[in-house]
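[1] model this:
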Amino acid sequence: MLPRVLEAEVMDTIDEAIDYDAMDHSTVNRAFVDDFLTALSLAAKPRDGVWKVFDAGTGTALIPLELASRGVPVRIVAADAAVHMLELARRNIAKAGKSAAIECVQRDCKRLPDAEASFDAVMSNSIVHHIPEPKGVLAECWRILRPGGLLFIRDLMRPSDATTLEQLVNQYAGDANPHQQQMFRDSLHAALTVEEVAAVLHSLGIPAQWVRATSDRHWTIRGVKA
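    Residues are numbered from 1 along each chain as shown. Okay, the predicted model is just below:
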């Protein structure tokens, strides 16, 4: 198995933010929101009919924007530790006219100020591989989720060997610039395996079977809190 090689926890240079925002995430983001909404149908509906959703590691808010465009009543708290990412996120949200539905906040998602059971759903795409010890982030996501709410977290899955890693970079970032390709390569190196995620979930009292591989490069945690 390819060893885990950590990358920077916070992508907070303007070049990283711009290159990340410029990459074509549209197909992956649509699939994420499709799957999120399918899973959300299993959760208990909020009393006021408006889903309060927390997005951990929102980046430039592309997934909240995709979700807010689907006609589902939502109020999304889009959280990230990176100032430059959030600057671009706010621009993207304003440009799309979704400021009423999405609030950007700077947060360390390992230590959230939000109260327990504050959200109807907690989602995240690709935050876990940035965190040296992901247990803290997953524990906080679980803590702020109300009973009956949906936990939906997706991230990259570390390949078994360097050859497979390079094949994934060529397949999914072959048209990207060298910096974007290296960002993707570093992220794959830093990602967790399904077995590693399952062990963390078990240690937190979250059903380990909630995580499974959902593509050739992703795993997903999906479940409704009892």
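[2] from now on I want contacts and neighbour counts done on CA atoms only, so please keep to that.
    Will do.
[3] where along this protein do the helices fall?
    Using DSSP state H, the helices of the chain run over residues 14-22, 26-40, 62-68, 83-96, 135-143, 162-173, 178-190, 194-204.
[4] low-scoring pLDDT stretches of this structure, where are they?
    In the predicted model of the chain, residues 11-12, 17, 24 satisfy pLDDT under 70.
[5] could you dump the longest strand belonging to the chain to CSV, C-alpha only?
    As assigned by DSSP state E, the longest strand anywhere in the chain is strand 145-156. Provided in CSV are the C-alpha atoms of strand 145-156 (Å, rounded to 0.1, in the frame of the first residue of the first chain):
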residue,chain,number,x,y,z
LEU,A,145,-25.4,17.1,13.5
ARG,A,146,-28.9,16.6,15.1
PRO,A,147,-30.5,13.2,15.6
GLY,A,148,-32.3,12.3,12.4
GLY,A,149,-29.8,14.4,10.4
LEU,A,150,-27.6,13.3,7.5
LEU,A,151,-23.9,12.9,7.6
PHE,A,152,-22.5,12.9,4.1
ILE,A,153,-18.7,13.1,3.6
ARG,A,154,-16.7,12.3,0.5
ASP,A,155,-13.0,12.4,-0.1
LEU,A,156,-10.3,11.0,-2.2
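[6] partners of that strand in the sheet?
    Here strand 145-156 has these sheet partners by DSSP bridges: strand 119-125 (parallel), strand 218-224 (antiparallel).
[7] JSON lines for those strands, including distance to Asp35 and mean neighbour count?
    Formatted as JSON lines, these follow (distance: least, Cα to Cα, whole Å; neighbours: other Cα atoms under 10 Å):
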{"stretch": "strand 119-125", "distance to Asp35": "11", "mean neighbour count": "25"}
{"stretch": "strand 218-224", "distance to Asp35": "9", "mean neighbour count": "22"}
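[8] could I get those strands as a markdown table with distance to Pro159?
    Formatted as a markdown table, the strands paired with strand 145-156 follow (distance: least, Cα to Cα, whole Å):
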| stretch | distance to Pro159 |
| --- | --- |
| strand 119-125 | 18 |
| strand 218-224 | 10 |
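[9] tell me which of the ones you listed lies nearest to Ile76.
    Closest approach to Ile76 among the strands paired with strand 145-156 (Cα to Cα): strand 119-125, 9.5 Å.
[10] ok and that closest one relative to helix 26-40, angle-wise?
    150 degrees (axes from the mean of the first three to the mean of the last three Cα atoms, to 10 degrees).
[11] who's in contact with strand 119-125?
    40, 45-46, 51-58, 141-142, 144-146, 148-155 (Cα atoms under 8 Å, 6 or more residues apart in numbering).
[12] repeat that for stretch 90-107.
    Outside stretch 90-107, the residues that reach it (Cα under 8 Å, 6+ apart) are 60-62, 64-65, 68, 74-83, 86, 89.
[13] related to what we said a few turns ago, of all the strands paired with strand 145-156, which lies closest to Leu204?
    Of these, nearest to Leu204 by Cα to Cα is strand 218-224, at 13.4 Å.
[14] and the closest one with helix 194-204, angle?
    Using the same axes, to 10 degrees: strand 218-224 against helix 194-204 is 30 degrees.
[15] mind listing residues that contact strand 218-224?
    Residues contacting strand 218-224 (Cα under 8 Å, 6+ apart): 39, 42-43, 147-157, 193-194, 210-214.
[16] output it as CSV - backbone C-alpha positions only.
    What follows is strand 218-224, C-alpha atoms only, in CSV (Å, rounded to 0.1, in the frame of the first residue of the first chain):
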residue,chain,number,x,y,z
HIS,A,218,-13.4,8.4,-3.8
TRP,A,219,-14.9,7.0,-0.6
THR,A,220,-18.1,8.3,0.9
ILE,A,221,-19.5,8.3,4.4
ARG,A,222,-23.3,8.3,4.3
GLY,A,223,-25.7,7.7,7.2
VAL,A,224,-28.5,9.2,9.3
